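Visitor: Any chance you could fold what I've pasted below:
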Amino acid sequence: MNETEVVELVKPNLEGCTVTEVKDFGDAYAIYFVNDEYYKSKQLEDLKIGAGPIIYVKNTGEVFRTGSGQSAEQYIRAYRECGDVYGRESETLAITGLPKELNET
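Guide: Got it, this is the predicted structure:
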């Protein structure tokens with residue numbers, strides 16, 4: 001899949017938005033976008049906040065909508081390490097205990 005194809009694939013998630021960049025991370029794409037009002041006016045008061053890049057994982061076809069709190073690199077690293085861009089427990093990551101200082105009551 002190339003950049004043009006991945007943009008077409010995620011378009012249903014981008015209603016009212018314009019893609020500004022697609023970055024290839026090897027195993028995933030990050031699709032950056034802004035809302036159409038801001039794209040046209042370039043006025044900060046038209047910019048909606050909170051929209052981070054959409055992450056598309058190449059080998060699974062998973063699509064993740066992210067927030068603006070972290071970089072695409074951080075979301076992709078979390079996916080690589082535990083199978084979830086948000087770093088939540090999954091089949092590939094299990095929390096088996098707490099650090100000693102948090103485990104004492």
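Visitor: list the helices and strands the longest helix anywhere in the chain packs on?
Guide: Scanning the chain for the helix with the most residues, using DSSP state H, yields helix 72-82. Contacts of helix 72-82 with other secondary structure elements, assessed using 3 or more CB pairs under 8 Å, 6 or more residues apart in numbering; DSSP states H and E, are made with strand 28-35, strand 54-57. All C-beta spots, glycine's among them, are computed from the backbone N, C-alpha and C.
Visitor: Quick one: the strands in this protein, in order.
Guide: If DSSP state E is used as the criterion, the strands of the chain fall at 17-24, 28-35, 54-57, 63-65.
Visitor: and the angle from the second one to helix 72-82?
Guide: Which is strand 28-35. Computed with axes from the mean of the first three to the mean of the last three CA atoms, to 10 degrees, the direction of strand 28-35 lies at 140 degrees from that of helix 72-82.
Visitor: What strands flank strand 28-35, and is each parallel or antiparallel?
Guide: Within its sheet, and counting by DSSP bridges, strand 28-35 is paired with strand 17-24 (antiparallel), strand 54-57 (antiparallel).
Visitor: Could you check how far the last one is from the centre of its chain?
Guide: Read it as strand 54-57. Between the centre of strand 54-57 and the centre of its chain there are 6 Å (CA atoms, centre = their mean, to the nearest Å).
Visitor: could I get it in CSV with only the CA atoms?
Guide: These are the backbone C-alpha positions of strand 54-57, laid out as CSV (Å, rounded to 0.1, in the frame of the first residue of the first chain):
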residue,chain,number,x,y,z
ILE,A,54,-4.4,8.7,12.2
ILE,A,55,-2.1,5.7,12.5
TYR,A,56,-2.4,2.9,9.9
VAL,A,57,-0.6,-0.3,10.7
